[in-house]
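Q: Starting from these lines, generate the structure:
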Amino acid sequence: MKDYWLLVMFIALLTACGSDNNDVESDVKANKQSNVSEQYVKDLPITDNSEVNHYKVLFIGNSHVQPLKSLVSTLIEKGLAEKVVTVEVGHGTFLDVALHSEDLIEQLQGNSWSHVILQGQKYSQSREHTYPTSATKLWIQRVKHQSATPMLFPEHPQKGDLVEGQYVHNIHVAIAEEEASCVAPVGLVWDRALQLKPQLELHSSDGNHATSIGSLLTALVFYEMITGQSADLLPFIQELPADEATQSFLGQIASQVIAENENCNY
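A: This is a model prediction of the structure:
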């Protein structure tokens, strides 16, 4: 019996060591949860809902999606006055952690969304680890099962990181190659804007989250991808952050980068 408890203590000690235990546990859970994807048809084509009369948009993700509800609503209301728009945010976390959230699943399946935007695929900020993408693929399948347009939301890069935007974008492109989805080039748009105007204050003081202007730049990307209308052609909107010249610049950059990156394979 003594030898048995020594063995138990030894195993417990091993599992407590190392800084990546939470990540490993999450990865294992994500892999187990991926089995649920068998109930859906894989790699269905993407439904193009850009011309619907009522844009019903659901964001699922973490804190990066929270400021976008009012911004995307205002852009569509002012840019396309003939359209009706409803934007909601599903209060979630990383997509693998939220995979079996009853509230989020009910929110997704309980409404006829035109577009569902998915943010929260884990990635390694050090680029030293690889995280499973099975949960994100399952979310895409769920969205397509509802006849909504799925859009992946690669996060913008952290302040001062010149390669993270492309790195995160590539992860999401690889996901879309296996499970068809639109990919919003958010990080690439941020990179271009900061290359041309490094004085822009897109990052908040934590170097991670967006300022109001940074959130506006991201919202402009989604305005164009949801509606199919150029962000570059939007009028000046008094209710939004940034002066007229800055709004015009942000719209131009969003449209240019979207045009350069094939983002939906309808």
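Q: For the residue nearest to Val189 when sequence neighbours are not counted, grab the count of nearby residues.
A: In this structure, Val189 finds its nearest non-sequential neighbour in Val257, 4.6 Å apart by CB to CB, 6 or more residues apart in numbering. Using the backbone N, CA and C atoms, a C-beta is placed for each residue, glycine as well. The burial count assigned to Val257 is 21, neighbours taken as other CB atoms under 10 Å.
Q: Tell me how far Val257 lies from Val183.
A: Per CB to CB, to the nearest Å, Val257 is found 12 Å from Val183.
Q: can you list residues touching both of the two?
A: With contacts defined as CB atoms under 8 Å, 6 or more residues apart in numbering, no residue is shared by Val257 and Val183.
Q: My reading is that the residue nearest to Val189 lies in a strand. Confirm?
A: No - with DSSP: H, G, I helix; E, B strand; the rest coil as the criterion, Val257 is helix rather than part of a strand.
Q: surely it meets Trp190?
A: No - counting by CB atoms under 8 Å, Val257 sits too far from Trp190 to count as a contact (9.2 Å).
Q: thought Leu104 was touching Leu95?
A: No - the pair Leu104 / Leu95 is not scored as a contact, 9.7 Å apart, by CB under 8 Å.
Q: Between the two, which is the more surrounded one?
A: When Leu104 and Leu95 are compared on other CB under 10 Å, the one with more neighbours turns out to be Leu95, at 26 against 20.
Q: Tell me how far the helix or strand Val85 falls within lies from the chain's centre.
A: Element membership for Val85, per DSSP states H and E: strand 84-91. Shown here is strand 84-91, whose average C-alpha point lies 14 Å from the average C-alpha point of the whole chain (CA atoms, centre = their mean, to the nearest Å).
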